[in-house]
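[1] Quick one: sequence and predicted model below, then my questions.
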Amino acid sequence: MGKIQTPPTPISTPRLEFENQKTRLGIQLDFERNQLREDQEKVLMWEQGVRKDEAEIEKLKKEEQRHMKIIDETMAQLQDLKNQHLAKKSEVNDKNHEMDEIRKKLGGANKEMTHLQKEVTAIETKLEQKRSDRHNLLQACKMQDIKLPLSKGTMDDISQEEGSGGGEEAGSGSQRSSSLYAREALIEIDYSDLPEELKVRRPFKAGPAHLPPQATPTSYKAPPIYLPFLWSPYRATLWPLPLLI
């Protein structure tokens with residue numbers, strides 16, 4: 001016959017339950033400790049991240065302030081450039097207005113110059129005609145053997161060549177006439193012995209070529225030059241012998 005097993009006593013059952021509960025609590029405690037340690041590590045990591053983010057934010061704020069300062073300076077420079085642009089634009093408009101006024105004055109001056117050039121050309125033409133007329137009169141006197149009272153020069157200085165006849169010829173003929181007139185310009189007629197009743201005076205106004213250096217063609221009024229006329233016994237009229245101007 002086998003050995004008869006006796007049932008456990010009541011004291012051993014509560015102890016076993018206590019041991020089991022102790023084991024479960026130990027396991028639970030280890031789990032909680034591990035969980036706490038992991039949570040602490042996470043909190044520490046989060047705190048480090050927050051501090052890093054705060055440092056980054058502070059850095060970005062400083063960068064923002066620096067950039068804002070640059071933007072403010074740039075905006076001030078831009079405004080200054082706009083003001084300078086407006087000032088320069090106003091100056092350009094003023095200069096354009098002045099240029100328009102100068103162009104108008106220049107146009108008027110060109111017209112006045114053209115008019116004066118025409119007057120000078122007309123006067124030069126008249127002077128050339130006067131020289132030609134004087135040459136013809138002197139030549140006629142020499143050909144008709146009229147002895148003229150000369151204060152300078154002689155009758156031999158009067159050329160027998162024909163003048164330009166009013167400047168119509170050109171080239172060598174014009175140069176020859178100019179040389180002829182220049183030589184005859186040295187001849188001066190003496191009117192001192194001519195009776196007063198035979199003298200006829202007429203005013204003659206000098207042209208721009210006779211103006212003094214400080215005068216202008218529009219401001220200077222030349223004094224009248226009186227040219228006497230000579231009575232010719234060979235003519236029934238007064239014979240003018242104008243001086244070479």
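    Thanks, I have the structure now.

[2] From now on I want contacts and neighbour counts done on CA atoms only, so please keep to that.
    Will do.

[3] need the helices for the chain, in chain order.
    Applying DSSP state H to the chain gives helices spanning 12-143, 172-184.

[4] The first one: how far from the chain's middle?
    So the one you mean is helix 12-143. 28 Å (Cα atoms, centre = their mean, to the nearest Å).

[5] That helix vs helix 172-184, what angle?
    Per axes from the mean of the first three to the mean of the last three Cα atoms, to 10 degrees, the angle that helix 12-143 makes with helix 172-184 is 70 degrees.

[6] Helix 12-143 - contacts with which helices or strands?
    Applying 3 or more Cα pairs under 8 Å, 6 or more residues apart in numbering; DSSP states H and E, one finds that helix 12-143 contacts helix 172-184.

[7] Buried ones in the helix it packs on, by neighbour count?
    174, 176, 177, 178, 180, 181, 184 (16 or more other Cα atoms under 10 Å).

[8] Could you list the buried residues of stretch 183-198?
    Within stretch 183-198, judged by 16+ other Cα under 10 Å, the buried ones are 184, 185, 187, 188, 189, 191.

[9] Just the closest of those residues to residue 74, please.
    Nearest to residue 74 among the buried residues of stretch 183-198 is residue 185, at 81.5 Å by Cα to Cα.

[10] Give me the pLDDT for the closest one.
    In this prediction, residue 185 carries a pLDDT score of 83.

[11] what about it, distance to residue 27?
    The gap separating residue 185 from residue 27 is 149 Å, by Cα to Cα, to the nearest Å.

[12] mind checking how far residue 28 is from residue 135?
    When residue 28 is compared with residue 135 (using Cα to Cα), they lie 151 Å apart.

[13] More neighbours: which of those two?
    Remark: of residue 28 and residue 135, residue 135 carries more neighbours, 27 against 12, as counted by other Cα atoms under 10 Å.

[14] where does the more buried one land on pLDDT?
    pLDDT at residue 135 comes out at 87.

[15] before we move on, the earlier item: would you reformat the buried residues of stretch 183-198 as a markdown table and include distance to residue 147?
    What follows is the buried residues of stretch 183-198, written out as a markdown table (distance: Cα to Cα, whole Å):
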| residue | distance to residue 147 |
| --- | --- |
| 184 | 16 |
| 185 | 18 |
| 187 | 13 |
| 188 | 13 |
| 189 | 11 |
| 191 | 13 |
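
[16] And those, which is closest to residue 155?
    residue 187 (8.6 Å).

[17] can you pull the contacts of that closest one?
    150, 151, 152, 153, 154, 157 (Cα atoms under 8 Å, 6 or more residues apart in numbering).

[18] repeat that for 6 Å
    Residue 187 makes contact with 152, 153, according to Cα atoms under 6 Å, 6 or more residues apart in numbering.
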